[in-house]
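>>> I'll drop the sequence and a predicted model, then ask my questions.
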Amino acid sequence: GQNIDQPTEMTATEGAIVQINCTYQTSGFNGLFWYQQHAGEAPTFLSYNVLDGLEEKGRFSSFLSRSKGYSYLLLKELQMKDSASYLCAAQTGANNLFFGTGTRLTVIP
Amino acid sequence: ETGVTQTPRHLVMGMTNKKSLKCEQHLGHNAMYWYKQSAKKPLELMFVYSLEERVENNSVPSRFSPECPNSSHLFLHLHTLQPEDSALYLCASSPEGGSGTFHEQYFGPGTRLTVT
């Protein structure tokens, strides 16, 4: 079967660092996406990992370990506008993205 | 604005109604997608069109009927829906439905559907 696990909710303080973990078990795997979704808005692309290791993009970084079926999204210097849901998604085929339920992050002052 | 628009943004329909959701992308992409997002559930891929051909149909009930008349437009025709079909329906597009390569999907804002 297919399964993606990520925490349902997290809270962190403005200016801090937060790590959102994602574990996956899928039949077929091409890469791992992270999307951000603010309430009532469309998901927007944050990062994509296909090889093991860390990809850094400004305040956001994403890590992948294919052998462990594990990824994380690291957010640095948190801002209030980072309060959103963060969706982990495994690319399981040519056109197929299998999503987790998302992690709702609340940033507090 | 992601370049993908959806109409209507909100829809309330009875179980015997027939309605259609519309998606339009202005990005020159060749692949388009319908997703369903229910509360506390993951995004579920429903249909994929690549170059106007349907390439994925993930066991979706026949009361949902997609149509892709050209690479810029995608419709989801709805008929005799059930209350459990109430959800946010998201459309997305990507440059192409290529095999095993990275293609970021751009999402529209979604249609919030309520079936009464």
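Received the coordinates, thanks.
>>> contact partners of stretch A:91-100?
Residues from elsewhere that reach stretch A:91-100 (Cβ atoms under 8 Å, 6 or more residues apart in numbering or on different chains): A:2, A:4-6, A:22, A:24, A:26-33, A:87-90, B:31, B:33, B:42-45, B:48, B:50, B:55-56, B:97-100, B:102, B:105. (C-beta placed from N, C-alpha, C; glycine too.)
>>> if you set the cut-off to 7 Å instead, what comes out?
Contact with stretch A:91-100 is made by A:2, A:4-6, A:22, A:26-31, A:33, A:87-90, B:31, B:42-43, B:45, B:48, B:50, B:55-56, B:97-100, B:105, as judged by Cβ atoms under 7 Å, 6 or more residues apart in numbering or on different chains.
>>> correct me, but B:Glu24 touches B:His73?
Yes. The pair B:Glu24 / B:His73 is scored as a contact, 5.5 Å apart, by Cβ atoms under 7 Å.
>>> Burial check on B:Pro66, number of neighbours?
Neighbour count of B:Pro66, defined by other Cβ atoms under 10 Å in any protein chain shown: 20.
>>> So it sits against B:Leu76, correct?
Yes. With contact defined as Cβ under 7 Å, B:Pro66 reaches B:Leu76; the gap is 5.6 Å.
>>> Which one's more surrounded, B:Glu24 and B:His73?
Comparing B:Glu24 with B:His73 by other Cβ under 10 Å, the one with more neighbours is B:Glu24, at 17 against 14.
>>> So for the more buried one, what's the nearest residue that isn't a sequence neighbour?
Using Cβ to Cβ, 6 or more residues apart in numbering or on different chains and skipping the chain neighbours, the partner closest in space to B:Glu24 is B:Thr5 (5.1 Å).
>>> And for the one you found, the neighbour number?
Neighbour count of B:Thr5, defined by other Cβ under 10 Å: 15.
>>> Give me the mean pLDDT for the helix or strand hosting it.
For B:Thr5, the host element (DSSP states H and E) is strand B:4-7. Across strand B:4-7, pLDDT averages out at 96.
>>> who touches it?
B:21-25, B:91-93, B:106-111.
>>> The same query, at a cut-off of 6 Å, please.
Contact partners of strand B:4-7, identified using Cβ atoms under 6 Å, 6 or more residues apart in numbering or on different chains, comprise B:Lys22, B:Cys23, B:Glu24, B:Gln25, B:Cys91, B:Ser93, B:Tyr106, B:Gly108, B:Pro109, B:Thr111.
>>> Toward the C-terminus from that strand, list the very next helix or strand.
For strand B:4-7, the following helix or strand on the C-terminal side (DSSP H and E) is strand B:10-13.
>>> List every C-alpha atom in that next one, with coordinates, as PDB.
Only the C-alpha atoms of strand B:10-13 are listed here, as PDB (Å, rounded to 0.1, in the frame of the first residue of the first chain):
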ATOM      1  CA  HIS B  10     -18.000  28.200  -4.300                       C
ATOM      2  CA  LEU B  11     -20.800  25.800  -5.400                       C
ATOM      3  CA  VAL B  12     -23.800  24.500  -3.500                       C
ATOM      4  CA  MET B  13     -25.800  21.800  -5.300                       C
END
